[in-house]
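Visitor: Using only what follows, build the 3D model:
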Amino acid sequence: MLAGLKTRNPLPAEEKWRLSLPAGVIASLVVIALLVIALIVPGLLAPYDPFAIDLDATLQPPSWAHWFGTDLSGRDLLSRIIYGTRESLGIGLGAVGVATVLAIVFGLAAGLSGRIAGALSNRWIEIMFAFPTVLLGLLLTSVFGPGAATLIFAIGIGIAPGYARIVRGQVLAVRNAPYIEAATALGHSRGRILVQHIAPNSLRPMIVTVTLGVGQAIIWASGLAYLGLGVAPPAPEWGALLDSGRSYITVAWWLEIFPGLVIVVVALAFTTLGRHLGARLEGTRR
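Guide: Predicted structure coming up:
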């Protein structure tokens, strides 16, 4: 009886390697998990009240009591960075959401519509490429004033053309595929073909683009906030923390270094995860 049973061969070393995650991806997932915790329950990680003023502890360097030091008002910088995750990550996710919606609308229109509608969509994509995100931030801030919503729409509109071009390219590659022709021959409606075949296959690469875009949007938001176009104090948005600390860089270096490092680490985490997802999707496609 035992002789008839087939023993399962162990996975080859190459397959085991494929199933295991690289150390960089694991580190990125840990960073993103901490961001999610800081976004939902920041008090679980923050050692102090981020808005509590202590004039006896102003501009204290990093120590065991205050790992990232304190600011001009004696507020714990680590706690402010943790609570600032809500603004910074919220702006990044919101901007990517706006960009994705615009990209789907104009990208699908450019790839599927008739000559006039497609030309108009393509023209919009080209025109928006001519407007830098900083210029859009200045324009929207002058009209609506600084704030999180202004940053979300400025960054979202600024990065949407690149997303739309990706969607358009995928649609053009998919719409003449054999399975689309087969669905058409079977009498499927245009809407059904769009929903069941074209959209899913065209938008799959957007998973990677969106993941990469979150880190990019956070950097843009921090840069615009550093220029005074972001969330107004005392909100502890990361770019605003950089802006408030630049006047004290010679006497309180930690006010610039630690928020800057957090921005770099978070952007690197999303970039690493996005590239890994891209490699996995490309491998699956092959």
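Visitor: contacting residues around W254?
Guide: By C-beta atoms under 8 Å, 6 or more residues apart in numbering, the contact list for W254 reads P61, P62, F68, G69, L77. To be clear about C-beta, it is placed using only N, CA and C from the backbone, and glycine gets the same treatment.
Visitor: could you dump the residues you listed to TSV with secondary structure?
Guide: Compiled in TSV, those are given as follows (DSSP: H, G, I helix; E, B strand; the rest coil):
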residue	secondary structure
P61	coil
P62	coil
F68	coil
G69	coil
L77	helix
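Visitor: Can you flag the buried ones in those?
Guide: Buried subset of the contacts of W254 (neighbour count, 16 or more other C-beta atoms under 10 Å): P62, F68, G69, L77.
Visitor: any idea which of those is closest to L261?
Guide: The shortest approach to L261 among these belongs to F68, at 9.6 Å (C-beta to C-beta).
Visitor: For that closest one, what are phi and psi?
Guide: phi -100, psi 10 (degrees, to the nearest 10).
Visitor: what do you get for A149?
Guide: phi -60, psi -40.
Visitor: repeat for D76
Guide: According to degrees, to the nearest 10, D76 has phi -70, psi 120.
Visitor: list the contacts for it?
Guide: D76 touches A46, P47, Y48, P50, A52, H66, F68, T70, counting by C-beta under 8 Å, 6+ apart.
Visitor: Next one: the residue nearest the centre of the chain relative to V174, how far apart?
Guide: Centroid-nearest residue in the chain, with C-alpha atoms, centre = their mean: V214, separated by 0.5 Å. As for V214, its distance to V174 is 25 Å (criterion: C-beta to C-beta, to the nearest Å).
Visitor: Likewise for P200?
Guide: In terms of C-beta to C-beta, P200 sits 9 Å off from V174.
Visitor: now do G260
Guide: As defined by C-beta to C-beta, G260 lies at a distance of 41 Å from V174.
Visitor: what ranges of the chain fall below the confidence cut-off?
Guide: The model of the chain has pLDDT under 70 over residues 1-19, 112-118, 189-191, 282-286.
Visitor: cutoff 90 now
Guide: 1-24, 55-57, 102-151, 154, 157-213, 216, 220-237, 239-240, 242-250, 274-286 (pLDDT under 90).
Visitor: Now do the strands in it.
Guide: In the chain, no strands are found when defined by DSSP state E.
Visitor: That one: helices as residue ranges?
Guide: Assigned by DSSP state H, the chain shows helices spanning 13-19, 23-40, 77-112, 115-129, 133-144, 148-174, 178-185, 190-193, 199-203, 206-226, 238-245, 254-285.
Visitor: which helices and strands does the second one pack with?
Guide: Translated: helix 23-40. Judged by 3 or more C-beta pairs under 8 Å, 6 or more residues apart in numbering; DSSP states H and E, helix 23-40 is in contact with helix 77-112, helix 254-285.
Visitor: tell me the most buried of the ones you listed?
Guide: Across the helices and strands packed on helix 23-40, averaging neighbours per residue (mean count of other C-beta atoms under 10 Å) puts helix 77-112 on top, at a mean of 23.
Visitor: okay, the angle between that helix and helix 148-174?
Guide: Relative orientation of helix 77-112 versus helix 148-174 (axes from the mean of the first three to the mean of the last three C-alpha atoms, to 10 degrees): 40 degrees.
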